[in-house]
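Visitor: I'd like to go over a predicted model; first the sequence, then the structure.
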Amino acid sequence: MNCSTFLSLVLALVQLQLCSPTTQIFSAQKTDQSYTTIRRVKRGWVWEPLFVTEEETSTMPMYVGQLKSDLDKEDGSLQYILTGEGADSIFFINEHGKIYVRQKLDREKKSFYILRAQVINRKTRHPIEPDSEFIIKVRDINDHEPQFLDGPYVATVPEMSPEGTSVTQVTATDGDDPSYGNNARLLYSLIQGQPYFSVEPKTGVIRMTSQMDRETKDQYLVVIQAKDMVGQAGAFSATATVTINLSDVNDNPPKFQQRLYYLNVSEEAPVGTTVGRLLAEDSDIGENAAMNYFIEEDSSDVFGIITDRETQEGIIILKKRVDYESKRKHSVRVKAVNRYIDDRFLKEGPFEDITIVQISVVDADEPPVFTLESYVMEIAEGVVSGSLVGTVSARDLDNDDSSVRYSIVQGLHLKRLFSINEHNGTIITTEPLDREKASWHNITVTATETRNPEKISEANVYIQVLDVNDHAPEFSKYYETFVCENAVPGQLIQNISAVDKDDSAENHRFYFSLAQATNSSHFTVKDNQDNTAGIFTAGSGFSRKEQFYFFLPILILDNGSPPLTSTNTLTVTVCDCDTEVNTLYCRYGAFLYSIGLSTEALVAVLACLLILLVFFLAIISIRQQRKKTLFSEKVEEFRENIVRYDDEGGGEEDTEAFDISALRTRAVLRTHKPRKKITTEIHSLYRQSLQVGPDSAIFRQFISEKLEEANTDPSVPPYDSLQTYAFEGTGSLAGSLSSLGSNTSDVDQNYEYLVGWGPPFKQLAGMYTSQRSTRD
């Protein structure tokens, strides 16, 4: 029930309470303060419930009902006034209180109207009755058809569902008033879809009436009709189409199309080769058609099968090599089983199928076959060259009379150690073997058919070099042993152990003792019976001055066959300590002893070296101070003055930084004349610049010559300018300060003329004259 319907019901109930069939008397209320002196009189309205039938087509205006006050004497002294929804436009009231409607109404647009009525005295215009609210309800007629607002409908239901299974529900709506009559009461019926479906008349729920198989038909179209007025005559109706899809369930087992399949495989095929593919068909779809394949009754375990989850095929693969000469046909049973089984359909039977696959082996020209996949051989180390290691054997299964050649193919160094007889496969050594260098040797031997050299097979040969006790034991490491001058008898000064490069069949066992040739009575050796020994002092009173080192020959014996011994020398250094050895201190003392210095002598040597270092640094410092003279400072100042006052352009950097020959025109590229060496000219003429001006013939001649040389020289910039000028004006008494054109060195230069330049050059003259006097 929608909101407008609910509101209509509430307003109707209110109207019924206010307007019962019996006359209702409403107490008059005071309407104006000016009438406070008027005596209160009990008054009231009288009317019947008011209704207007929608879509009324009779002559307008149409009478609705009458309002009447119990004070109305029907003498025309009272006037009725109507206000509220549709007053005057839709409804009006006459002088007798009769209400009329002016136009046709539609309940679906507005189901009721709320108005107010008032009675006034025509002469005084004063209210006789207080205004009162009432409702005019629009009565419904069946003028709307049912509508399916949620269509089109699509539903899905599992196949083979039992009868009565709910598929979906359709719902139609009717715009008529559900609270009045049967205009909006709908009845559902099935137009299309029998005998598989039915619909409940009142609810519109569609149910299955029989089991359906998706593999037979997977989609059905059902037409539902909805009628209002409970299907009575003159009722409106509407239809909706429902598309019902059947979803798949696993109700079909896999099925092979053949009871016997034939496949072939070459005997040359390697392990993992795909022999063939099988497909068992399943009418189901999706995961209901998923299956796994198995091989049964294959005791040889030559073939395997895997499932391709994309295509649902069974792929038969080769798990072991096949041999045409040994067995030419193989037969296997392949079973296909659904991966997901629905327990509801187990009674239908097992969801699996079995077929037989016969696999024929195709003969091929095979390479020779070794009698073993790999060989393990042994040989003692140190045996002479040419000793027999072992024999490998291979044969051609296709032709027993075909000969086979053998060779070693892995590594040149193995070829130097071993060789093989190419006819009988006998392996011998080519030089003695040393187990301590390599205890195992891995070689690859090939067998090649003589009649078809392309057919080659390989076999690995593992050769173990057996150990021979040919290495004597020795100290496990270098021992740095010290004994204190104040050591007591029986004091442990060192633990020693031994190692043996040989590989003992049993655990190594070493025995320690002092060599018989030793005459030292200061130390003893105690064998700990665990492959270690302890060195102990046999007496006391060690003195560094008397003997700084003791050399102990230690005899070590192993348990090999035959046993071997070795003599290892342990150096014991006497240390200036009490009873406990300080290793760092003792090493320091041993170092001094080795270089023949005492501690005092070493300190003296270090002190002398320090004094020499200080003296050397002092000399360097003094020399650096001498270089920082007034001359160096003035030279720097002088150089700054030259840069500041004698800037003559970029010089050679400007003329040689780029190739200017491409910038010259044909007019400029005249016959090249070698330039004169201007160094001497500049030096000889810069003095004349003091007296020569721009109007001088000498000056003009010089400029002309330089301009000509510049025009014919391809290495100078392509514009008329001189980079070096010998004349710098007539106003300077000093002339040119530039040394670029000088053909003399500073050593040959006479700077005495600087004295005559005046006070501004006094400091410069002092610097250069003092420099000359120093050199003299």
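Guide: Right, received. Where do you want to start?
Visitor: how about low-confidence regions in the stretch 51-200 of the chain?
Guide: The model of the stretch 51-200 of the chain has pLDDT under 70 over residues 57.
Visitor: Tell me the secondary structure of the residue nearest to Ser374 when sequence neighbours are not counted, please.
Guide: Excluding the flanking residues, the one nearest Ser374 by CB to CB, 6 or more residues apart in numbering is Asn460, at 4.4 Å. Using the backbone N, CA and C atoms, a C-beta is placed for each residue, glycine as well. Recorded secondary structure, Asn460: strand (DSSP: H, G, I helix; E, B strand; the rest coil).
Visitor: my guess is Asn460 meets His441, correct?
Guide: No. Asn460 lies out of contact with His441 (CB atoms under 8 Å); the separation is 11.1 Å.
Visitor: Show me which of these two is the more surrounded one.
Guide: More crowded of Asn460 and His441, by other CB atoms under 10 Å: His441, with 21 against 15.
Visitor: Now do the same for the more buried one: helix, strand or coil?
Guide: strand.
Visitor: tell me, how many neighbours does the nearest residue to it once chain neighbours are set aside end up with?
Guide: Closest residue to His441 apart from its sequence neighbours, by CB to CB, 6+ apart: Ile463 at 4.4 Å. Ile463 has 23 neighbours, counted by other CB under 10 Å.
Visitor: who does the strand ranked longest in the chain touch, helix- and strand-wise?
Guide: If you go by DSSP state E, the chain has its longest strand at strand 127-139. Packed against strand 127-139 by the contact rule (3 or more CB pairs under 8 Å, 6 or more residues apart in numbering; DSSP states H and E) you find helix 3-18, strand 45-47, strand 50-53, strand 62-69, strand 78-84, strand 112-121.
Visitor: Am I right that the residue nearest to His441 is in a strand?
Guide: Yes. Using three-state DSSP, the assignment for Ile463 is a strand.
Visitor: how big is the angle separating the longest strand of the chain from strand 112-121?
Guide: 160 degrees (axes from the mean of the first three to the mean of the last three CA atoms, to 10 degrees).
Visitor: For strand 127-139, what is the distance to the chain centroid?
Guide: 80 Å (CA atoms, centre = their mean, to the nearest Å).
Visitor: who does that strand pair up with?
Guide: Strand 127-139 has the following strand partners under DSSP bridges: strand 50-53 (parallel), strand 112-121 (antiparallel).
Visitor: immediately after it, which helix or strand?
Guide: strand 153-158 (DSSP states H and E).
Visitor: Thr450: neighbour count?
Guide: Thr450: 12 neighbours (other CB under 10 Å).
Visitor: Quick check: chain neighbours aside, which residue is closest to it?
Guide: Ser403 (4.4 Å).
Visitor: Can you verify my assumption that the one you found contacts Asn452?
Guide: No. Taking contacts as CB under 8 Å, Ser403 lies outside contact range of Asn452: 11.4 Å.
Visitor: Show me where the chain has its helices.
Guide: Under the criterion DSSP state H, the chain carries helices at the ranges 3-18, 412-417, 583-595, 599-627, 630-645, 652-656, 678-685, 697-712, 762-775.
Visitor: tell me the mean pLDDT over the last one?
Guide: What it means is helix 762-775. In this model, helix 762-775 carries a mean pLDDT of 68.
Visitor: Report the separation between Asp75 and Val369.
Guide: 140 Å (CB to CB, to the nearest Å).
Visitor: Tell me which of the two has more neighbours.
Guide: Regarding Asp75 and Val369, a neighbour count based on other CB under 10 Å identifies Val369 as having more, with 18 against 6.
Visitor: give me the beta-bridge partners of that one?
Guide: Beta bridges link Val369 to Arg395, judged by DSSP bridges.
Visitor: next one: Ala240
Guide: Counting by DSSP bridges, the residues bridging with Ala240 are Ile224.
Visitor: tell me the contacts of it?
Guide: Counting by CB atoms under 8 Å, 6 or more residues apart in numbering, Ala240 touches 148, 151-153, 170, 172, 223-224, 226.
Visitor: Tell me which two of those residues sit farthest apart.
Guide: Pro152 and Ala226 (14.8 Å; CB to CB).
Visitor: more neighbours, the two?
Guide: Of the pair Pro152 and Ala226, Ala226 is the one with more neighbours under other CB under 10 Å, namely 27 against 9.
Visitor: what's the distance between the closest residue to the more buried one other than its chain neighbours and Asn469?
Guide: Closest residue in space to Ala226, ignoring its immediate chain neighbours: Ala172 at 3.8 Å, by CB to CB, 6+ apart. Separation of Ala172 from Asn469 (CB to CB) stands at 107 Å.
Visitor: between the two, which one's more packed in?
Guide: Taking neighbours as other CB under 10 Å, Ala172 and Asn469 compare with Ala172 leading, 24 against 17.
Visitor: Go ahead and confirm the more buried one touches Gln147.
Guide: Yes. Ala172 is within contact range of Gln147, at 6.1 Å (criterion: CB under 8 Å).
Visitor: list residues touching both of these two?
Guide: Ala238.
Visitor: is it true that Cys577 touches Asn486?
Guide: Yes. With contact defined as CB under 8 Å, Cys577 reaches Asn486; the gap is 7.3 Å.
Visitor: just to revisit the earlier point, and the strands paired with strand 127-139 as TSV, adding distance to Val332?
Guide: Formatted as TSV, those follow (distance: least, CB to CB, whole Å):
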stretch	distance to Val332
strand 50-53	88
strand 112-121	87
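Visitor: Dump the ones you listed to a markdown table, plus mean neighbour count and distance to Pro195.
Guide: Conversion of these to a markdown table gives the following (neighbours: other CB atoms under 10 Å; distance: least, CB to CB, whole Å):
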| stretch | mean neighbour count | distance to Pro195 |
| --- | --- | --- |
| strand 50-53 | 18 | 45 |
| strand 112-121 | 18 | 48 |
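Visitor: wait, which of the ones you listed is closest to Pro760?
Guide: It's strand 112-121; of those, that one is closest to Pro760 (CB to CB) at 120.4 Å.
Visitor: Need the contact partners of that closest one.
Guide: 8, 11-12, 45, 67, 69, 71-72, 77-87, 90-91, 93, 97, 126-138.
Visitor: Show the buried residues in these.
Guide: Burial by neighbour count, judged by 16 or more other CB atoms under 10 Å, picks out 8, 11-12, 45, 67, 69, 71-72, 78-80, 82, 84, 86-87, 90-91, 93, 97, 127-132, 134-138 from these.
Visitor: Tell me how many other residues surround Asp150.
Guide: Around Asp150 there are 12 residues (other CB under 10 Å).
Visitor: what's the closest non-adjacent residue to it?
Guide: Thr171 (6.8 Å).
Visitor: ok, back up a step: wait, what's in contact with the residue nearest to Ser374?
Guide: Asn460 neighbours (CB under 8 Å, 6+ apart): 373-375, 442-445.
Visitor: just the buried members of those residues?
Guide: 375, 443, 445.
Visitor: Sort the residues you listed by pLDDT and name the bottom one.
Guide: Among the buried ones among the contacts of Asn460, Ile443 has the weakest pLDDT, 90.
Visitor: what sits up against stretch 494-513?
Guide: Stretch 494-513 has contacts (CB under 8 Å, 6+ apart) with 435-436, 439, 467-476, 479, 481, 525, 527, 531-535, 554-560, 568, 570, 572.
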